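Undergrad: Give me a model of this one.
(chains A and B)
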Protein chains: 2
Amino acid sequence: MSIKSPITLDAKYLAPNLTAEMVAERSVQVSACARNLREARCAGAEFTGWLSPAEILTSDENSRLNAKIAQLRKETDMLVVIGIGGSYLGSRAVIEALSDCPEQVVYAGQNISADYATKLIKQLSGKRVAINVISKSGTTTEPAVAFRLLKQLVPADKQSEWIVATTDANKGSLLKLAREMGCATFVVPDTIGGRYSVLSAVGLLPIGYAGVDIKALVQGAAECAKLCAGSDDPLKNPALFYAAARNVLYHQGYSTELLANFEPRLHTLAEWWKQLFGESEGKQNIGLFPAAVDFTTDLHSMGQYVQEGRRNLIESFVIIDGGEPDLTVPAWDVDADGMNYLAGKPISWVNQMAYEATAAAHRDGGVPNLTIHLAELSAASLGALMYMFEYACGVSCLMQGVNPFNQPGVEAYKLNMFKLLGKPGYEGGIAAVEAVEVKF
Amino acid sequence: MSIKSPITLDAKYLAPNLTAEMVAERSVQVSACARNLREARCAGAEFTGWLSPAEILTSDENSRLNAKIAQLRKETDMLVVIGIGGSYLGSRAVIEALSDCPEQVVYAGQNISADYATKLIKQLSGKRVAINVISKSGTTTEPAVAFRLLKQLVPADKQSEWIVATTDANKGSLLKLAREMGCATFVVPDTIGGRYSVLSAVGLLPIGYAGVDIKALVQGAAECAKLCAGSDDPLKNPALFYAAARNVLYHQGYSTELLANFEPRLHTLAEWWKQLFGESEGKQNIGLFPAAVDFTTDLHSMGQYVQEGRRNLIESFVIIDGGEPDLTVPAWDVDADGMNYLAGKPISWVNQMAYEATAAAHRDGGVPNLTIHLAELSAASLGALMYMFEYACGVSCLMQGVNPFNQPGVEAYKLNMFKLLGKPGYEGGIAAVEAVEVKF
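TA: Okay, the predicted model is just below:
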């Protein structure tokens, strides 16, 4: 089976800083990194289970997952996803992009705010609440505290049915707890790190609950996997071109990459992308800083800086070419606001012109940019896009000489926090530094 | 009258990169810039009307504003704020930080998404809808199109009562339209640019609708104005210390500033801050790139980069020291998740420890950081904080030699867009560039 790729990359506005010839000059390195990634001959090779999306879940796990999703959708009103980082960003990105009922999924355990938890508990009051608690170990502070706070929202006689744990297959406190409670469990695979886990049960259960076609999502990613593996030439493979382009620009001195969209529903996709690239590349004191902008919204806040600020920015647009719901600009009898020249025009066309205007303006202002075009926004195309980003990220890290799959720096605040909280084994606090205060 | 300042700045983790001595060395320049700003002897001096928060609205305007707010709160269910950039970010920041009913205010005209507009219209169906359309000219594309789409949501016989225009005092198409419709109008002052306008009618009407005490907000800012004017010594004035610190660090080579919070309700405050500093400083190819992180959420996505990525980051924390609603960590009979060591502890204390852990870890990782402490989160303290940022921003820009109050770069995409849309007077399109496509 072969489907047409839903992804095209337009690189015209990378010139003159970056040309196809300059990418071609890097093709030996890019190809080698791609092969090493695919053949698991690289740093972190034990975490490349995401490379084959259709093989992450066994057929049996897939059946169990779909049955649990169907049950929860039938019996409950809301799903609380308890997880932090890669345990919720992928599912939230897909749900907000595609679901017709994103408000039926809420998120907890991704912060330690009493205000947030209080409002969430109020919002869930009177509802039939399902919980999917997602944690490899079960001991990460944020989700563990949230689960203690929210577990009681599920009636005691329903907890074994409506609480689902996604955790390690064989060990850990959450697995033990779930088994004691009689809850269904799904697997956080050993071979897939959090930020690459959206197509495992970590992402699929919440996504399925929100009514998104998870089969199409995985199939779209699987097709993209074939396409990614089909060519190691960066001029014929958008994932490799993207990896190469951002690498060359980084070594030209650019330090920040903006991911830009023109549809608010893609906001959380950019948050997922920020984790994927920031946590993968941002180590050993190198890496492009990933930032996100929602346009046209942020053209009226960050637009000035992007156009004329410090010239260390590159930009990548994610643009949906078709298939969006549409409205047209209403005509007015009296053209009080001067907008009748747009009367009858589709809003989507106005937005498309805003994108084209912006990409050209930013290039002219000294921001090299490329555009990732999706033929349409669907489960299949979004699955493909996310896979393309994962593959590009892996290659990009290998080009930089860093492990794409570890995150040693995340431990630093945790270690300090455990000391300050007095966690058993971490007593003693952190080195005190005298406050240097400035008051009015 | 004198109130205790609700703001303290702790600079201990700026060392060793930045010490109080290094700030003191800059005090002559800082003081001069502060005086020039206050005495309106600077670039953009005609836009310093925000310096005196209590004098922005006349007593009569204030009465009219409060009466309209009371009427709309009584007669309608929802307020749609139609505006972009500075026309909505300030009010949204305050409403999300302080309102008990933030969901009663929704936002439109801040993008050109048909999907967003379609969902918004559905959400407003069956509700008594008020509209506050905010635009100096009335011809900005995004809000003008949104007003055409949404005006019909207000019944024809209620439009003169439930639609309010905030616009130029004397001219422009929105003023003319509002007068023809018989709607109340409030003023976007000539002396205050969008990103400094939160304490004018631009911000106050939506904020008041959301039930926030706008009198306290303005008073808090007015008190902060007195404090800011009370000392031009950066070691005795947090606004000036902040301006000086980020300036010195910028000239040491740091290129990106992160504004970090530990409360989700402060998320949009950071978006407002990003506009304030990005649009003010980001010109002439200089300026710190403003980015925002919501912690602890983003410690599990951007945390790795912040801890170990390229060392061009500085960080400013906004921390609320007290007054938050609270919960405690529930005790469990069986300590299945190992969290019983926190049983009975306030969530707010756990969050406080997370902040202290993070600030220390980031300093140790090479990210100089400072903390702006608010004694509590209230209308008065938030008004003070926003004023402090505005004052610091003005001084910071003058230290950099740029006009704090213009935004010439925002026109670039608009000009291209008008050409592409075929707006009368802008026909002809933009220069075509051949697509450089990469496909699988």
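
Undergrad: Say whether chain B is contacted by whichever strand or helix holds A:Lys274.
TA: Using DSSP states H and E, A:Lys274 maps to helix A:267-281. Yes - contact between helix A:267-281 and chain B is present through A:271, A:274-275, A:278-279, A:281 (criterion: C-beta under 8 Å from any C-beta of the partner chain). Yep, even glycine has a C-beta here, placed from its N, CA and C like the rest.

Undergrad: chain center to that helix: distance?
TA: Distance, stretch centre to chain centre, for helix A:267-281: 5 Å (C-alpha atoms, centre = their mean, to the nearest Å).

Undergrad: and it, what does it pack onto?
TA: helix A:89-98, strand A:256-261, strand A:289-294, helix A:379-400, helix B:303-308 (3 or more C-beta pairs under 8 Å, 6 or more residues apart in numbering or on different chains; DSSP states H and E).

Undergrad: next structured bit after the last one?
TA: It stands for helix B:303-308. Where DSSP H and E defines the elements, the next helix or strand beyond helix B:303-308 is strand B:313-320.

Undergrad: Would you mind checking the average pLDDT for the helix or strand following that following strand?
TA: Tracing the chain C-terminally past strand B:313-320 and defining elements by DSSP H and E, one meets helix B:347-364 next. Across helix B:347-364, the average pLDDT comes to 97.

Undergrad: What of stretch A:383-399?
TA: Regarding stretch A:383-399, the rounded mean pLDDT is 98.

Undergrad: Please apply the same query to stretch A:8-21.
TA: pLDDT averaged over stretch A:8-21 gives 95.

Undergrad: ok, residues contacting it?
TA: With C-beta atoms under 8 Å, 6 or more residues apart in numbering or on different chains as the test, stretch A:8-21 has contacts from A:235, A:238, A:241-242, A:245, A:248-249, A:252, A:359-360, A:362-363, A:368-373, A:375, B:433-439.

Undergrad: what stretches of the stretch 1-150 of chain A score poorly on pLDDT?
TA: Low-confidence segments of the stretch 1-150 of chain A (pLDDT under 70): A:1-5.

Undergrad: out of everything not next to it in sequence, what's closest to the residue of it at minimum distance from chain B?
TA: Relative to chain B, the nearest point of the stretch 1-150 of chain A is A:Gly85 (3.0 Å; C-beta to the nearest C-beta). What sits nearest to A:Gly85 in space, not counting adjacent residues and going by C-beta to C-beta, 6 or more residues apart in numbering or on different chains, is B:His300, at 3.0 Å.

Undergrad: Quick check: A:Leu235 vs A:Leu124, distance?
TA: 51 Å (C-beta to C-beta, to the nearest Å).

Undergrad: buried ones in stretch A:28-44?
TA: For stretch A:28-44, the neighbour count (16 or more other C-beta atoms under 10 Å in any protein chain shown) marks A:30-31, A:33-34, A:36-38, A:42, A:44 as buried.

Undergrad: who's in contact with the nearest residue to A:Ile286 once chain neighbours are set aside?
TA: Leaving aside its sequence neighbours, A:Ile286 sits nearest to B:Arg310 (C-beta to C-beta, 6+ apart; 5.7 Å). Residues in contact with B:Arg310 (C-beta under 8 Å, 6+ apart) are A:255, A:282, A:285-289.

Undergrad: per-residue pLDDT, B:Arg310?
TA: Looking at B:Arg310, its pLDDT reads 98.

Undergrad: Check A:Lys439 too.
TA: At A:Lys439, pLDDT is 89.

Undergrad: What distance do you get for it to A:Val402?
TA: For A:Lys439, the distance to A:Val402 - C-beta to C-beta - is 43 Å.

Undergrad: So between these two, which is more surrounded?
TA: Each of A:Lys439 and A:Val402 has its neighbours counted (other C-beta atoms under 10 Å in any protein chain shown); A:Val402 has more, 20 against 14.

Undergrad: The more buried one and A:Asn285 touch, don't they?
TA: No - counting by C-beta atoms under 8 Å, A:Val402 does not reach A:Asn285; the two are 10.3 Å apart.

Undergrad: pretty sure A:Leu398 is in contact with A:Cys42, am I right?
TA: Yes - using C-beta under 8 Å, A:Leu398 makes contact with A:Cys42 at a distance of 5.6 Å.

Undergrad: Next one: A:Ala144 from B:Leu299, what distance?
TA: Applying C-beta to C-beta, the value for A:Ala144 to B:Leu299 is 15 Å.

Undergrad: The two: who's more crowded?
TA: Set side by side, A:Ala144 and B:Leu299 show more neighbours around B:Leu299, with 30 against 24, by other C-beta under 10 Å.

Undergrad: if I've got this straight, that one is in a helix?
TA: Yes - according to DSSP: H, G, I helix; E, B strand; the rest coil, B:Leu299 belongs to a helix.

Undergrad: Contacts only, for it.
TA: Here B:Leu299 is in contact with A:410, A:413, B:354, B:358 (C-beta under 8 Å, 6+ apart).

Undergrad: neighbours of the third one, just the number please.
TA: Put plainly, it is B:Ala354. When neighbours are counted by other C-beta under 10 Å, B:Ala354 registers 24.

Undergrad: How about the second one?
TA: Neighbour count for A:Tyr413, taken as other C-beta under 10 Å: 27.

Undergrad: That one: what's it in contact with?
TA: A:Tyr413 sits next to B:296, B:299, B:303, B:307, B:354, B:357-358, B:361-362 when contact means C-beta under 8 Å, 6+ apart.

Undergrad: ok, now the last one?
TA: Counting by C-beta under 8 Å, 6+ apart, B:Thr358 touches A:413, A:416-417, B:260, B:295-296, B:299.

Undergrad: Go through these and give me the one with the most neighbours.
TA: For those, the largest neighbour count, defined by other C-beta under 10 Å, is 30 neighbours, found at B:Leu299.

Undergrad: Surely A:Met386 and A:Ala221 touch.
TA: Yes - when contacts are counted by C-beta under 8 Å, A:Met386 is listed as touching A:Ala221 (6.5 Å).

Undergrad: Taking the centroid of chain A, which residue is nearest it?
TA: Closest residue to the average C-alpha location of chain A: A:Trp272 at 2.0 Å, with C-alpha atoms, centre = their mean.

Undergrad: Export the helices and strands packed on helix A:267-281 as JSON lines, with columns for distance to B:Ala54.
TA: Formatted as JSON lines, these follow (distance: least, C-beta to C-beta, whole Å):
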{"stretch": "helix A:89-98", "distance to B:Ala54": "41"}
{"stretch": "strand A:256-261", "distance to B:Ala54": "39"}
{"stretch": "strand A:289-294", "distance to B:Ala54": "34"}
{"stretch": "helix A:379-400", "distance to B:Ala54": "50"}
{"stretch": "helix B:303-308", "distance to B:Ala54": "39"}
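
Undergrad: Can you check which of the ones you listed gets nearest to A:Ser316?
TA: The closest of these to A:Ser316 is strand A:256-261. By C-beta to C-beta, the value is 5.4 Å.

Undergrad: Quick one: neighbours of A:Ala20, just the number.
TA: Neighbour count of A:Ala20, defined by other C-beta under 10 Å: 16.

Undergrad: what touches both of A:Met386 and A:Ala221?
TA: Jointly contacting A:Met386 and A:Ala221 under the rule C-beta under 8 Å, 6+ apart are A:Leu199.

Undergrad: Now do the residue nearest to A:Gly85 against B:Lys414, distance only.
TA: From B:His300 across to B:Lys414, the span is 38 Å (C-beta to C-beta).

Undergrad: Looking at the two, which is more packed in?
TA: More crowded of B:His300 and B:Lys414, by other C-beta under 10 Å: B:His300, with 29 against 21.

Undergrad: Pull the contacting residues for the closest residue in space to A:Met339 that isn't next to it in sequence.
TA: Using C-beta to C-beta, 6+ apart and skipping residues adjacent in sequence, the residue nearest A:Met339 is B:Ala144, 5.0 Å away. Shown here is B:Ala144, whose contacts under the criterion C-beta under 8 Å, 6+ apart are A:337-339, B:109, B:135, B:138.
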